[in-house]
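1. Following is a predicted model, sequence given first.
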Amino acid sequence: MPTATYEKIEARTLGSATATVTFSTIPATYTDLVFVFNGGTTSSGPTMRMTVNGDSGANYSDTALDGDGSSAVSTLHSGANIMAITNNVGIAGTRGAQTTNMQLQNYSNATTYKTVLFRANNATSSGFPGVTAAVGLWRNTAAITSISLTTASTTFLSGSTFTLYGIKAA
């Protein structure tokens, strides 16, 4: 029987509305990380944001392509103090209406900047509906040991789930 490639590191289901979710004990024993969010926020539209290792300096960049089936927009942030994950799609004010997947590649390597690929969707008909595909960069060579997620101006809804997986080395 083949062994699983993904190994769950940590999973959380919010018991109450929460402004920031932090995964602070990320081991350096995997090749990559995969993060999955399923939930919503207390109001529609805010962007999900990520910081790494408590770094709030101007060390983040992201480029995104967002669409809603009738129009598309591309955005670029460079030298930012956060990485915008959902960008123009926003997060739905309904639990379960937003799904976000992130892949943090080569996260424990201490000689290269860290790349993040992410995809998100907002399944509601209001509050910035649509999908996004993007790439982000954390301009730091330190291994990633913690990830913090927030929103632009609100809180994550009670019942939202956050799961972090490690990808085992081949």
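-> Arrived safely. Residues are numbered from 1 along each chain as shown.
2. Okay, the closest residue in space to Ser108 that isn't next to it in sequence and Glu10: tell me how far apart.
-> For Ser108, ignoring the flanking residues on the chain, the nearest one in space by CB to CB, 6 or more residues apart in numbering is Ala28 at 3.9 Å. For the C-beta atoms, the positions are set from N, CA and C on the backbone; glycine is no exception. Noted for Ala28: a distance of 15 Å to Glu10, by CB to CB, to the nearest Å.
3. For the residue nearest to Ser108, what is the enclosing helix or strand?
-> Taking DSSP states H and E as the criterion, no element holds Ala28; it sits outside all helices and strands.
4. Please name the residues that touch it.
-> When contacts are counted by CB atoms under 8 Å, 6 or more residues apart in numbering, Ala28 touches Ser108, Ala143, Thr145.
5. can you give me phi and psi for Thr25?
-> Per-residue torsions, Thr25: phi -130, psi 60 (degrees, to the nearest 10).
6. just checking, Thr132 touches Ala120?
-> Yes: at 4.9 Å, Thr132 and Ala120 qualify as touching, with contact defined as CB atoms under 8 Å.
7. ok, and the closest non-adjacent residue to Leu137?
-> Beyond its immediate neighbours in the sequence, the residue positioned closest to Leu137 (CB to CB, 6+ apart) is Ser61, lying 4.6 Å away.
8. From the contact counts, what lies against the strand or helix carrying the one you found?
-> Taking DSSP H and E as the definition, one finds Ser61 inside strand 60-67. Contact analysis of strand 60-67 by 3 or more CB pairs under 8 Å, 6 or more residues apart in numbering; DSSP states H and E lists strand 72-80, strand 83-84, strand 130-138 as its packing neighbours.
9. Starting from that strand, tell me which strands it pairs with and how they run.
-> strand 72-80 (antiparallel), strand 130-138 (antiparallel) (DSSP bridges).
10. list the buried ones in that strand?
-> Tyr60, Ser61, Asp62, Thr63, Ala64, Asp66 (16 or more other CB atoms under 10 Å).
11. Looking at those residues, which is nearest Met83?
-> Tyr60 (4.4 Å; CB to CB).
12. what's near enough to touch the closest one?
-> Thr51, His77, Gly79, Ala80, Asn81, Ile82, Met83, Gly136, Leu137, Trp138, Arg139.
13. mind listing the strands for this protein?
-> Secondary structure of the chain (DSSP state E): strands located at 6-13, 21-23, 32-39, 48-52, 60-67, 72-80, 83-84, 98-105, 114-122, 130-138, 147-151, 161-167.
14. what residues does the shortest one touch?
-> Applying CB under 8 Å, 6+ apart, the contact partners of strand 83-84 are 47-52, 60-62, 64, 75, 77, 116, 136, 138.
15. Looking at the residue lying closest to Lys114 once chain neighbours are set aside now. What's its pLDDT?
-> With sequence-adjacent residues excluded and distances taken as CB to CB, 6+ apart, Lys114 is closest to Trp138, at 4.4 Å. According to the per-residue confidence, Trp138 scores 97 in pLDDT.
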